[in-house]
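> model the structure of this input:
(one chain, ligands or ions: 1)
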Amino acid sequence: MTIYWERCSICRKHKPVRQCTLWQDDMVCAECCLLCSHRGSCPAPAWFGEFRTAVPVSERRREEARKALEDLLKRLESGST
Ligand SMILES: [Zn+2]
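Residues are numbered from 1 along each chain as shown. Below is the predicted model:
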């Protein structure tokens, strides 16, 4: 990912910026990206988005999904007898 030293589209300060994922015309600095109210629904935040999808989180999600599936299978098994 390329980092540009340009003007942030949000705070208008000259800082290292990255292209915003949600608004492709905007360039955001790290602070504005972190403080963005849309960050929760952003698929891949330009700044530190990689931490959101870090291994522990996806591992936990996968574990939750596996447990839910096992639970469902168990319920189906007990239901069929
Ligand atoms: Zn900014």
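
> what about the longest strand along the chain, near the ion?
Criterion DSSP state E: the longest strand present in the chain is strand 14-19. No - remark: strand 14-19 sits outside contact range of the ion, by CB under 5 Å from the ion, the gap being at least 6.1 Å. (Glycine included, C-beta is placed from N, CA and C.)

> which residues of this protein lie near the ion?
Counting by CB under 5 Å from the ion, the chain sits next to the ion at 8, 10-11, 29, 32.

> how about these in TSV, adding secondary structure, distance to Gly40 and pLDDT?
Listed next are those as TSV, based on DSSP: H, G, I helix; E, B strand; the rest coil; distance: CB to CB, whole Å; pLDDT from 0 to 100:
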residue	secondary structure	distance to Gly40	pLDDT
Cys8	coil	20	94
Ile10	coil	17	94
Cys11	coil	20	95
Cys29	strand	19	93
Cys32	helix	15	94
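
> got the residues you listed as CSV, with neighbour count columns?
Formatted as CSV, the residues of the chain next to the ion follow (neighbours: other CB atoms under 10 Å):
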residue, neighbour count
Cys8, 21
Ile10, 18
Cys11, 14
Cys29, 23
Cys32, 21
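
> quick check: the farthest pair among the residues you listed?
Spatially, the most separated pair among those is Ile10 and Cys29, at 7.3 Å (CB to CB).

> ok, then the element right after the one helix or strand in the chain whose mean pLDDT sits lowest?
Ranked by mean pLDDT, DSSP states H and E, the helix or strand of the chain with the weakest confidence is helix 49-52, at a mean of 59. The first helix or strand that comes after helix 49-52 along the chain, using DSSP states H and E, is helix 55-80.
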